[in-house]
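Asker: next one to model:
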Amino acid sequence: METNNNSILEKLKEKDLIPSALLFLFVLIPFLPRFGALDAMGFHWMCFAILNVITSFYLINKNQLVQFPISFKPLLFYCSWILISIVSCLFAYNKIESIVVLSRMMIVLAGIYNLICLIKNKTELLNILLKLLLVALVVESVYTVWMLYYNFTRYNVIDDIVYFIRFFAGNKNILAASIGVKIPIAFYYLHQSKSKKEIASYTSILFLGVSAIIILNARATYVSVFLQSVLFIGYEILCWIKNGKEKTYLQKAITYFAVFSIAIVLWQVVFSQIEKSKKTVSYGDINKRIASIEFTQSGSSSRFVYWLEAIDFIKKNPVIGGGLGNWKIHAINYEQNYRTSFVCSKHVHNDFLEVTADSGILSALFFTLFFVALGLLLLKSSLQFNQENSILAFMLFLMLMAFIIDSFLNFPSERPIMQSLLVVILAIAAIYFSGKEIKNISINSPLSLGLLISICFSMYISINAYYSMCLQAKVRANTAKMSEVKSFPAIPNITEYVMPINGVQANYFYTKKDYKKAEYYLSKKGNTNPYYYYTEYVKSRILFAQRDTVNAIKYASIAFKNRPADLNMFNNLIYFYQTQKDTASINKSFAIMNACVKNPKAVDSYAVYYLKASNDTDFVKQFLATKIQEFPNDTILKKSLKKLQ
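Answerer: Residues are numbered from 1 along each chain as shown. Model (predicted):
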């Protein structure tokens, strides 16, 4: 699609100002802060849901609704996946969590439809959208480079300098993935550049994008940007051959190769110099980072463990899975012997496996077919060099490739910043490469009613989820008021850390010594999370506060038996035992804990409570001295031993 970029604003008609504003908001939302939510995605999902409502009413008011392009195979597969996921909700343990996840799927589907309606047959609006995404790429890239400099003065370890470059994405891996999916847009405009000034502008943007990827050290994005670069250079060479060896294509390929190479050399030098003045744990220079890219357990940051757990669950639940959004609940059952805190993995770090674990093999088949069909269609269209939109197809193909790679190693399905990019890919593909004209329809169509129901449902759920995340953040920061703790919405019923919300409420009132109210919230169990045992943990503390030590130990034992590696459960139980001077039970509990994980914090807790229960200082001193040899770098154990000497 050849465009004169300088004339886009001139061609933009007055009637397209509102659609342009809607597109601006669409691109802006992932850059908004969390506004009090525990996680920024809570606010972002709500904003996307509200934007869907605004956009839908605008489209209905302007009579701009179109046929839903269900005959477009990738979209057909995508909708089939959603339908099977809906069926899986009926078999989920926590159906409320299924509804929360389903609402996000509806937000994405409505977003795809709305974007199709907005930009169909409007080249100027498409270019506005792509230019806005290009600006977003520049902002993310400049921010990354700036934060490297800023963090250099704040942290002494290279890993921390890089780790705390997050923006509003949530973490550096999500930021890197967002940049990686947007980089092909710069390729698209570089390919169409006519003047040296344009070529210089877009190669500068690509230099910033590649620099940001190198800095962020996200291995999945390393792979995707490398493949994108190779394919773009190869594509330009093919265009050079197909177009009578017109030198501009070859010049662009050589220019980008030079920029890519300069970025690698420059940042290799920079990080080599940083290594001389800062400590490093796993983030060294570029050579070390590339060498760490391997599909092994040690090179996958625990992903292999999560994948194997998901595969085992799939083998046991192949047809319908655990229910949409419920893998995060069942995962805890696999983690009980090594997870040392209330935090759990939540995700498989592979969307294909997580879809299978959530809603079964057939669901995963349609999910996979969606990506395969879309990828093959875009690749085929890319290679039709005589077609006007071949470069547009190539851009979408590279964007999709980066998204798929991220899906294999992370969880873009949960993050609105990534799902918004999938909306762009699928909507543009449906408009330009479906092979059929998408016709306008009457606002009296049943589709209008279905759209309104869908967007209102998803908005209601996302507003509740956002409000819940705000309350979770306040409770965690110990700033929540009693009235706020009472006002948690019914949806969702688990926190972002998969903790039952009724347990959070009960623990709050326990800390306020309102045991009757705490007991009331514990009685509101419902189907939340059967593997977390947080309510048993809180129950034991309430009973102990009421001087019912026997039952307190009973509930604490249940919690520890099912979460034997969790330090909170361990400390809670042996604290109760030390009040009873029960050294035998303390020893037994420590043996169970130690068999699961070697944790110096557990060692220190054991030493403290055993000493209180036995007053045997000599034994504890000898024990600590032995354990310090096992954990020579642990300062806590050394301080504890020093106090006893």
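Asker: can you list the domains in the protein?
Answerer: The chain breaks down into these domains under automatic domain parsing: 71-92+136-434, 478-644.
Asker: would you turn those into CSV with distance to residue 24 and mean pLDDT?
Answerer: For every residue, glycine as well, the C-beta is placed using N, CA and C. Shown next, in CSV, are the domains of the chain (distance: least, CB to CB, whole Å; pLDDT from 0 to 100):
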stretch, distance to residue 24, mean pLDDT
domain 71-92+136-434, 11, 91
domain 478-644, 29, 95
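Asker: SS state for residue 343?
Answerer: Put simply, residue 343 is coil when judged by DSSP: H, G, I helix; E, B strand; the rest coil.
Asker: check for me that residue 419 belongs to a strand.
Answerer: No - read with three-state DSSP, residue 419 is helix and lies in no strand.
Asker: that one touches residue 412, doesn't it?
Answerer: Yes - Residue 419 sits in contact with residue 412 when judged by CB atoms under 8 Å, with a separation of 6.9 Å.
Asker: what's the burial count for residue 585?
Answerer: Using other CB atoms under 10 Å, the number of residues around residue 585 comes to 17.
Asker: any idea how far residue 578 is from it?
Answerer: 9 Å (CB to CB, to the nearest Å).
Asker: point out where the stretch 1-150 of the chain drops to low pLDDT.
Answerer: 1-15 (pLDDT under 70).
Asker: which residues of it fall in helices?
Answerer: Taking DSSP state H, counting those that start in this stretch, the helices of the stretch 1-150 of the chain run over residues 8-11, 17-28, 40-61, 73-89, 95-119, 123-152.
Asker: mean neighbour count added to these, as TSV?
Answerer: Output for the helices of the stretch 1-150 of the chain, formatted as TSV (neighbours: other CB atoms under 10 Å):
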stretch	mean neighbour count
helix 8-11	12
helix 17-28	17
helix 40-61	21
helix 73-89	20
helix 95-119	23
helix 123-152	19
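Asker: how about those helices in CSV, adding distance to residue 354?
Answerer: Output for the helices of the stretch 1-150 of the chain, formatted as CSV (distance: least, CB to CB, whole Å):
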stretch, distance to residue 354
helix 8-11, 40
helix 17-28, 26
helix 40-61, 16
helix 73-89, 12
helix 95-119, 11
helix 123-152, 26
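Asker: closest to residue 589 out of those?
Answerer: helix 95-119 (32.0 Å; CB to CB).
Asker: can you name every helix or strand that the closest one contacts?
Answerer: Helix 95-119 is packed against helix 17-28, helix 40-61, helix 73-89, helix 123-152, helix 416-433, helix 446-476, with contacts defined by 3 or more CB pairs under 8 Å, 6 or more residues apart in numbering; DSSP states H and E.
Asker: partner residues bridging residue 157?
Answerer: Bridge pairing for residue 157 (DSSP bridges) gives the partners residue 279.
Asker: mind listing what's buried along stretch 586-598?
Answerer: 586, 589, 590, 593, 594, 596, 597 (16 or more other CB atoms under 10 Å).
Asker: would you reformat those as TSV and include distance to residue 271 and secondary structure?
Answerer: TSV is the format used below for the buried residues of stretch 586-598 (distance: CB to CB, whole Å; DSSP: H, G, I helix; E, B strand; the rest coil):
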residue	distance to residue 271	secondary structure
586	48	helix
589	46	helix
590	43	helix
593	40	helix
594	39	helix
596	38	helix
597	33	coil
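Asker: tell me the one among the residues you listed nearest to residue 248.
Answerer: Distances from residue 248 to the buried residues of stretch 586-598, taken by CB to CB, are shortest for residue 597, at 60.5 Å.
Asker: show the contacting residues for the closest one.
Answerer: Contacts were defined as CB atoms under 8 Å, 6 or more residues apart in numbering; by that measure residue 597 touches 337, 338, 340, 565.
Asker: hmm, try it at 7 Å
Answerer: By CB atoms under 7 Å, 6 or more residues apart in numbering, the contact set of residue 597 is 338, 340, 565.
Asker: okay, these in TSV with distance to residue 503 next?
Answerer: Conversion of the contacts of residue 597 to TSV gives the following (distance: CB to CB, whole Å):
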residue	distance to residue 503
338	22
340	19
565	19
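Asker: in the protein, which spans are strands?
Answerer: With DSSP state E as the definition, the chain shows no strands.
Asker: how close does the residue nearest to residue 374 when sequence neighbours are not counted sit to residue 112?
Answerer: Nearest non-adjacent residue to residue 374, counting by CB to CB, 6 or more residues apart in numbering: residue 74, 3.8 Å away. Noted for residue 74: a distance of 11 Å to residue 112, by CB to CB.
Asker: any common contacting residues for these two?
Answerer: Shared contacts of residue 74 and residue 112, defined by CB under 7 Å, 6+ apart, are found at residue 426.
Asker: ok, residue 474 touching residue 484?
Answerer: Yes - with contacts defined as CB atoms under 7 Å, residue 474 counts as touching residue 484 at a distance of 6.3 Å.
Asker: and residue 616, how many residues sit next to it?
Answerer: 13.
Asker: cool, and the one 10 residues further on?
Answerer: Per other CB under 10 Å, the neighbour tally for residue 626 reads 10.
Asker: residue 265 too?
Answerer: Neighbours around residue 265, by other CB under 10 Å: 11.
Asker: check residue 618 too.
Answerer: Residues contacting residue 618 under the criterion other CB under 10 Å number 8.
Asker: repeat for residue 380
Answerer: Counted with other CB under 10 Å, residues neighbouring residue 380 total 13.
Asker: what about it, distance to residue 374?
Answerer: Counting by CB to CB, the gap from residue 380 to residue 374 is 11 Å.
Asker: ditto for residue 491
Answerer: Taking CB to CB, one finds residue 491 at 32 Å from residue 374.
Asker: the two: who's more crowded?
Answerer: residue 374 (27 against 17).
Asker: residues contacting the more buried one?
Answerer: So residue 374 contacts 74, 400, 429 (CB under 7 Å, 6+ apart).
Asker: swap the cut-off to 10 Å and go again
Answerer: Contacts for residue 374 (CB atoms under 10 Å, 6 or more residues apart in numbering) come out as 72-75, 77-78, 396-397, 400, 403-404, 422, 425-426, 429-430, 433.
Asker: now do residue 373
Answerer: Counting by CB under 10 Å, 6+ apart, residue 373 has contacts 72, 73, 74, 75, 76, 77, 78.
Asker: for the first one, which non-adjacent residue is closest in space?
Answerer: Leaving aside its sequence neighbours, residue 72 sits nearest to residue 434 (CB to CB, 6+ apart; 4.2 Å).
Asker: likewise for residue 227?
Answerer: Residue 227's closest residue in space is residue 401 (CB to CB, 6+ apart), at 6.5 Å.
Asker: end to end, how far does stretch 189-205 reach?
Answerer: 11 Å (CA to CA, to the nearest Å).
Asker: in it, what's buried?
Answerer: 189, 190, 191, 192, 193, 199, 201, 202, 203, 205.
Asker: what separates the closest residue to residue 470 other than its chain neighbours from residue 488, distance-wise?
Answerer: Counting by CB to CB, 6+ apart, the nearest residue to residue 470 once its immediate chain neighbours are dropped is residue 36, at 4.4 Å. Per CB to CB, residue 36 is found 15 Å from residue 488.
Asker: who has more neighbours, these two?
Answerer: residue 488 (22 against 14).
Asker: picking that back up, now the contacts of residue 373 in CSV, with distance to residue 127?
Answerer: Output for the contacts of residue 373, formatted as CSV (distance: CB to CB, whole Å):
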residue, distance to residue 127
72, 22
73, 27
74, 23
75, 23
76, 28
77, 29
78, 26
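Asker: which of those residues lies closest to residue 318?
Answerer: Nearest to residue 318, judged by CB to CB, of those is residue 77 at 19.8 Å.
Asker: OK, contacts around the closest one?
Answerer: So residue 77 contacts 365, 366, 367, 368, 369, 370, 371, 372, 373, 374 (CB under 10 Å, 6+ apart).
Asker: do that again at 6 Å, thanks
Answerer: For residue 77, the contact set (CB atoms under 6 Å, 6 or more residues apart in numbering) comprises 366, 369, 370, 373.
Asker: and which of these is nearest to residue 502?
Answerer: Of all the contacts of residue 77, residue 502 sits closest to residue 366, with 35.3 Å by CB to CB.
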